[in-house]
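**Student:** Next come a sequence and a model predicted from it.
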Amino acid sequence: MIDRFDHLVIHPSDFERSLAFYRDTLGWPVVAQWGDEAEPRCAVLSGGAVKVVLAERAKGAKADTRPELRLDIHDVVRRFALIPPGDHVVRPPGESAEGPREFVVCDPDGNRIAFEEVHRSRA
């Protein structure tokens, strides 16, 4: 079973400064963007085989529960069966708010890793 990198989520302290760095300094185009003054802003930038999501934290939020590292896998249920049970399981397999099926685990330092079916094959 192969776990493929899909994208990395970064929660910048200064959204505009970080956006300028990835877009202007690294030359990565913005492929999607959303949010405004009422809703936290997000931008997806593409560095070719690498996607980075800049996700502004909600005003007053102390911590963000969204996964930081996202992996694209073929079969969420089969992959989850290989993970031993324990308190490292944050969310068992199911539909995510963004749409793809996923499960989330947490490493010993609190870093969240989502295994998701981003490119689900259509039958």
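**Tutor:** Perfect, thanks for sending it.
**Student:** Can you pull the phi/psi pair for residue 17?
**Tutor:** phi -60, psi -40 (degrees, to the nearest 10).
**Student:** Grab the nearest non-local neighbour of residue 46.
**Tutor:** Of all residues not flanking residue 46 in the chain, residue 31 sits nearest, at 5.0 Å (Cβ to Cβ, 6 or more residues apart in numbering). Using the backbone N, CA and C atoms, a C-beta is placed for each residue, glycine as well.
**Student:** show me where the chain has helices.
**Tutor:** Counting by DSSP state H, the chain has helices at residues 15-20, 76-80.
**Student:** Let me know whether the residue nearest to residue 46 touches residue 48 as I believe.
**Tutor:** No: at 11.4 Å, residue 31 and residue 48 do not qualify as touching, with contact defined as Cβ atoms under 8 Å.
**Student:** more crowded one of those two?
**Tutor:** Neighbour count, other Cβ atoms under 10 Å: between residue 31 and residue 48, residue 31 has more, with 10 against 6.
**Student:** Please parse the protein into its domains.
**Tutor:** Following automatic domain parsing, the chain resolves into domains at 10-59, 65-123.
**Student:** rank these by pLDDT, which is bottom?
**Tutor:** Note on the domains of the chain: lowest mean pLDDT is at domain 65-123, with a mean of 81.
**Student:** Between the domains of the chain, which one is closest to residue 3.
**Tutor:** Of all the domains of the chain, it is domain 65-123 that lies closest to residue 3, at 4.4 Å by Cβ to Cβ.
**Student:** Could you check how far that closest one is from the centre of its chain?
**Tutor:** 10 Å (Cα atoms, centre = their mean, to the nearest Å).
**Student:** Check stretch 28-45 too.
**Tutor:** 14 Å.
**Student:** List the buried residues in that stretch.
**Tutor:** 28, 40, 41, 43, 44, 45 (16 or more other Cβ atoms under 10 Å).
**Student:** what's it in contact with?
**Tutor:** If you take Cβ atoms under 8 Å, 6 or more residues apart in numbering as the criterion, stretch 28-45 is touched by 7, 15, 19, 22-23, 26, 46-47, 51-59.
**Student:** Give me the buried entries from those.
**Tutor:** Neighbour counting over the contacts of stretch 28-45 (16+ other Cβ under 10 Å) leaves 7, 15, 19, 22, 51, 52, 53, 54, 55, 56 as the buried ones.
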